[in-house]
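Student: Could you work out the structure for the sequence below:
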Amino acid sequence: MDLKQYLAARATEVDAALDAFLPKAKEKPATIHGAMRYAVFAGGKRLRPILCLAAAEACGGDPEDALAPACAVEVLHTYSLVHDDLPCMDDDDLRRGRPTCHKVYGEGMAVLTGDALLTEAFLMVAQTRPAKRYPAAAYVAELALAGSSTKLIGGQVMDLEGEGKKLTKAQLVKIHEAKTAALLTTSIRLGAMTANATEKQLEGLTVFGRALGLAFQVIDDILDVTQSTEVLGKTAGKDAAVEKATYPSILGLEKSRKEAAKLTQEAMDALVPFKNKAQRLREIAEYLLKREY
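Tutor: Alright, predicted model coming up:
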């Protein structure tokens, strides 16, 4: 398969697993379950779960063993988007080309939807088959750290507190190491853990994940000022509207593009010890650097 076929095939596998894991839409109380599914099945790229599966492959494992944590990181990511879009946060009406959860179900139900998805993520990850080096508790702890007050939530706090302020590049990197790169890295680490990755393999993939996550954010910031709302599937220009620090606002567009390329190369370098087993991870990194939405 070429990369396009691979991404489509893996996304289909993930969607099928998500459908099996999540409560059915008509299960009572139906409103919350309908809202959860509305948010999860909104047409996302499934980047994080695909990275989880590809990392399992890179370490010689069976991607099917990584489906539970792959779904868990996607559901945790979706919870963060639902809460991100709320009026008290980024206040957005559009996500993945559709009205945001709170626009369809109301603010109170959107808060509960995020809460339910966060909880569901731990139900999913707890079903991961233990590997020789990694008991079930290791997977749960890994996901919990990614979503904690020092990672995802901490990044959100720093992001909110940074609005309207002139931040340095170092401060911006710290925000996105926590807000974006941490969950991407955890997706990769969880996949590797299901393949019983060695400590050295896990260290290399952690370096890869951090660099890839930061590169992803740089490109995201660039697209926010260069693409339309129709192309992005979310409101373009939102960062500038709330005076949020971004890579283009600090570095400028050209230097931001160079920064993304540099970080992508750092990610590639971390994969050298994996040789051909990490080819899919390399292809994904290259694809993300060149993406247009």
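Student: Return the distance of the residue nearest to V173 when sequence neighbours are not counted relative to Y105.
Tutor: Nearest residue to V173, sequence neighbours excluded (CB to CB, 6 or more residues apart in numbering): L214, at 6.7 Å. (C-beta placed from N, C-alpha, C; glycine too.) Applying CB to CB, to the nearest Å, the value for L214 to Y105 is 33 Å.
Student: and the longest helix for the chain?
Tutor: helix 199-226 (DSSP state H).
Student: Remind me what that helix packs against, helices and strands.
Tutor: Contact here means 3 or more CB pairs under 8 Å, 6 or more residues apart in numbering; DSSP states H and E; on that basis helix 199-226 packs against helix 47-58, helix 169-176, helix 182-194, helix 238-241, helix 247-251, helix 253-270, helix 279-290.
Student: Would you mark the buried spots in it?
Tutor: 201-202, 204-206, 208-225 (16 or more other CB atoms under 10 Å).
Student: wait, doesn't E266 sit right on G204?
Tutor: No - taking contacts as CB atoms under 8 Å, E266 lies outside contact range of G204: 11.8 Å.
Student: For E142, see how far away S228 is.
Tutor: Separation of S228 from E142 (CB to CB): 37 Å.
Student: More neighbours: which of those two?
Tutor: Taking neighbours as other CB atoms under 10 Å, S228 and E142 compare with E142 leading, 21 against 10.
Student: ok, back up a step: so what sits against both of E266 and G204?
Tutor: Listed as contacting both E266 and G204 by CB atoms under 8 Å, 6 or more residues apart in numbering is no residue at all.
Student: what about the helices in the stretch 51-200 of the chain?
Tutor: With DSSP state H, counting those that start in this stretch, the ranges of helices along the stretch 51-200 of the chain come out as 67-84, 101-105, 107-125, 136-146, 152-162, 169-176, 182-194, 199-226.
Student: Enumerate every residue touching D115.
Tutor: Y79.
Student: Lowest mean pLDDT across the helices and strands packed on helix 199-226, which one is that?
Tutor: Ranked by mean pLDDT, those end with helix 238-241 in last place, scoring a mean of 72.
Student: what does that helix contact?
Tutor: By CB under 8 Å, 6+ apart, helix 238-241 touches D90, D92, D221, D224, V225, K244, T246, S249.
Student: got the buried residues for that helix?
Tutor: In helix 238-241, counting by 16+ other CB under 10 Å, buried: K238, D239.
Student: Offset the numbering so it begins at 246, please.
Tutor: Yes, from this point I'll number from 246; that puts the last item at helix 483-486.
Student: Go ahead and produce PDB holding the CA coordinates of that helix.
Tutor: Output of helix 483-486 as PDB, limited to C-alpha atoms (Å, rounded to 0.1, in the frame of the first residue of the first chain):
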ATOM      1  CA  LYS A 483      -8.800  32.500  15.200                       C
ATOM      2  CA  ASP A 484      -5.400  32.800  16.800                       C
ATOM      3  CA  ALA A 485      -4.800  36.300  15.600                       C
ATOM      4  CA  ALA A 486      -8.300  37.300  16.600                       C
END
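Student: do you know how far C297 is from D247?
Tutor: From C297 to D247 the distance is 21 Å (CB to CB).
Student: I meant R291, not that one.
Tutor: For R291, the distance to D247 - CB to CB - is 17 Å.
Student: of the two, who's got more company?
Tutor: R291 (23 against 7).
Student: now the more buried one, nearest residue through space, not along the chain?
Tutor: A256 (4.3 Å).
Student: Identify the residues contacting the host helix or strand of that neighbour?
Tutor: Following DSSP states H and E, one finds A256 within helix 248-266. Residues outside helix 248-266 that contact it (CB under 8 Å, 6+ apart) are 246, 285-286, 290-291, 294-295, 298-299, 308, 312-313, 315-316, 319-320, 365, 368-369, 525, 528-529, 532.
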